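[1] 3D model of this:
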Amino acid sequence: SVTATLCLDYLFVPPIGSITIDAPQGWIVLAVFLAVSLVASHLAARLRQQRDELIARQTESEKLHALSRAMLLSSGEDVRRLIVNKCVELFGFSEVALYETATGQFHRSASHTSIPDSKLRKVALYGSVEHDIAEGTTILPVTLGNKNFGSLGFRDVWLPEPALQALGNTIAVGVAQAQVQEAGTQAEAVRRSEELKSVMLDALAHDLKTPLTAITAAADMLVDGSVAGDTQRRELLRVIQQETEGLKRLIAEAMHLAQIDAKRLKLESEPVTVVEIVDAAVQLLGERAASHQIKIEAGSDLSPVIVDRELMIQALKQLIDNAIKYSPSGSAVTVTASEWDGLVLISVRDQGQGLTELEQGRVFEKFYRGRYDHSAVQGTGMGLAIAKEISEAHGGSLKVESQFGQGSRFTITLHPARERSEVEEQHA
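    Model (predicted):
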């Protein structure tokens, strides 16, 4: 403004070419011009400041929107870890620490940060923003309405009070959403657990009742001496033996499933031929396989697999046993072993009614029994779940192919021994 006034005096106010003023009118002109220029400069500065503030607010709003969107779209991720990472990414904080009051846990952008836990707890407790100019840290409460969810601390970036409040509220919404989802998941898990317990108890009660009744009846006849001869006595003893084997098998399945659920399944892997696994699984079925034609189609040149022998035999036995249960008496159950695309495939095909698309999606669920009533086909619904868990524990898979009315085929996929050895060497 002063420079413009001097230029006006030099160029336009008499005497032109000089900064001296002869007439009083010249002083009036210069004073008015100076006042107007000062006012205009002040207004221009205010407009520039307001523009910068609007741009800053828009940028902050976009960052908060990006943070909200990331929290909203997070599926299966740790929302707290996502909040910390997004704050570093969007706002440029050098360090971030999130404290959650409900769990008492701290989530940090690095394993070691200079933001002390005590200050995070203090801000979460009292709900007031705390600045440390020397350390360059800011800690703000994470609140939504009257509820306090914790606190957030960050370093090396300054944000105005409105932005701090908006950031705290946005993070509070994300934490609240995560807590609601976790509560719902826990409630669903409890509900499913109770449902599974009920189904398991019903299945076990039914499958235990039949063999126990047969054993009790046979034992009573032997004790009472009402047996006519040695042939009938041997027949009753055979009934007791068969039903006892059935009970042992049922208890073994329940123990396997309990080990799998408790993550205590330990593998003792060794090289085993596929034919050996198939033959051992069929032999384990004993007389249960006598009612059907068990066809084995396996080449002698198949690569061996590195598996836990007993567990893999158990898995294949479950598949063959399942095929026997759901196939008409006297029909064929085909066990096929082959190699394709560098993998070893062991398939079991039955002659049952097959599965609908809905049943194929649920057939590996624990205690799922399909369309058949429990009284029609004995079993607890644990076999396929056990076989799938064992297959996946070996780095393989178990899948089903079925067409309703034409039977089903269950296929275990395993890595051959040479490939498994290479993979283990690379990991080592």
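[2] wouldn't Gly342 be in contact with Ser303 here?
    No - contact criterion C-beta atoms under 8 Å: Gly342 and Ser303 do not qualify, at 9.4 Å. Where C-beta positions appear, they are placed from N, C-alpha and C, glycine not excepted.
[3] which helices and strands does whichever strand or helix holds Val180 pack with?
    Per DSSP states H and E, Val180 falls inside helix 161-224. Helix 161-224 sits against helix 24-73, helix 79-91, strand 137-144, strand 147-155, helix 230-261, with contacts defined as 3 or more C-beta pairs under 8 Å, 6 or more residues apart in numbering; DSSP states H and E.
[4] Of the ones you listed, which shows the lowest average pLDDT?
    When the helices and strands packed on helix 161-224 are compared on mean pLDDT, helix 230-261 scores lowest, with a mean of 75.
[5] and the next element down the chain from it?
    Sequence order places strand 269-272 as the next helix or strand after helix 230-261, per DSSP H and E.
[6] That next one: which residues count as buried?
    Residues of strand 269-272 classed as buried by neighbour count (16 or more other C-beta atoms under 10 Å): 269, 272.
[7] just stretch 145-152 next, same as before
    In stretch 145-152, counting by 16+ other C-beta under 10 Å, buried: 148-152.
[8] got it, and stretch 396-414?
    Buried residues in stretch 396-414, defined by neighbour count with 16+ other C-beta under 10 Å: 396, 398, 400, 402, 407-414.
[9] thinking again about what came up before, kindly reformat the buried residues of stretch 145-152 as CSV and extend each row with distance to Lys317.
    Shown next, in CSV, are the buried residues of stretch 145-152 (distance: C-beta to C-beta, whole Å):
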residue, distance to Lys317
Asn148, 57
Phe149, 52
Gly150, 52
Ser151, 56
Leu152, 55
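[10] Contacts only, for the nearest residue to Arg233 once chain neighbours are set aside.
    Leaving out its chain neighbours, the residue that sits closest to Arg233 by C-beta to C-beta, 6 or more residues apart in numbering is Val227, at 4.9 Å. Listed by C-beta atoms under 8 Å, 6 or more residues apart in numbering, the contact set of Val227 reads 221, 233, 236.
[11] Tell me the one among those nearest to Ser37.
    Leu236 (119.3 Å; C-beta to C-beta).
[12] Report whether the expected contact of the closest one with Met221 is present.
    Yes - using C-beta under 8 Å, Leu236 is in contact with Met221, at 5.9 Å.
[13] give me the low-pLDDT residue ranges for the stretch 301-428 of the chain?
    Residue ranges of the stretch 301-428 of the chain with pLDDT under 70: 367, 369-381, 418-428.
[14] now the strands for it?
    305-308, 332-340, 343-349, 397-402, 408-414 (DSSP state E, counting those that start in this stretch).
[15] Which pLDDT value belongs to the residue nearest to Arg233?
    At Val227, the pLDDT recorded in the model is 71.
[16] From the chain's centroid, how far away is stretch 72-86?
    13 Å (C-alpha atoms, centre = their mean, to the nearest Å).
[17] hmm, back to that, now the buried members of the contacts of Val227.
    Taking 16+ other C-beta under 10 Å as the criterion, what is buried in those is Leu236.
[18] Format the contacts of Val227 as a markdown table; extra columns: distance to Val272.
    Shown next, in a markdown table, are the contacts of Val227 (distance: C-beta to C-beta, whole Å):
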| residue | distance to Val272 |
| --- | --- |
| Met221 | 44 |
| Arg233 | 41 |
| Leu236 | 39 |
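[19] Could you single out the nearest of the contacts of Val227 to Val96?
    Of those, the one sitting nearest to Val96 (C-beta to C-beta) turns out to be Leu236, at 74.9 Å.
[20] residue contacts, the closest one?
    Contact analysis of Leu236 by C-beta under 8 Å, 6+ apart lists 218, 221-222, 227.
[21] ok, so of those residues, who is nearest Val333?
    Ala218 (29.4 Å).
[22] closest one to Arg57 among the strands of the stretch 301-428 of the chain?
    Going by C-beta to C-beta, the one of the strands of the stretch 301-428 of the chain nearest Arg57 is strand 397-402, 52.8 Å.
[23] Average the pLDDT values over the helix holding Val180 and round to the nearest integer.
    Here helix 161-224 scores 77 as its mean pLDDT.
[24] Count residues in the vicinity of Gln353, would you?
    Gln353 is flanked by 18 other residues according to other C-beta atoms under 10 Å.
[25] cool, Leu384 as well?
    21.
[26] need the contact list for it.
    So Leu384 contacts 318-319, 322, 363-364, 368, 398, 410 (C-beta under 8 Å, 6+ apart).
[27] can you redo the residues you listed as CSV with distance to Leu247?
    Formatted as CSV, the contacts of Leu384 follow (distance: C-beta to C-beta, whole Å):
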residue, distance to Leu247
Gln318, 17
Leu319, 21
Asn322, 19
Val363, 25
Phe364, 25
Tyr368, 22
Leu398, 26
Phe410, 25
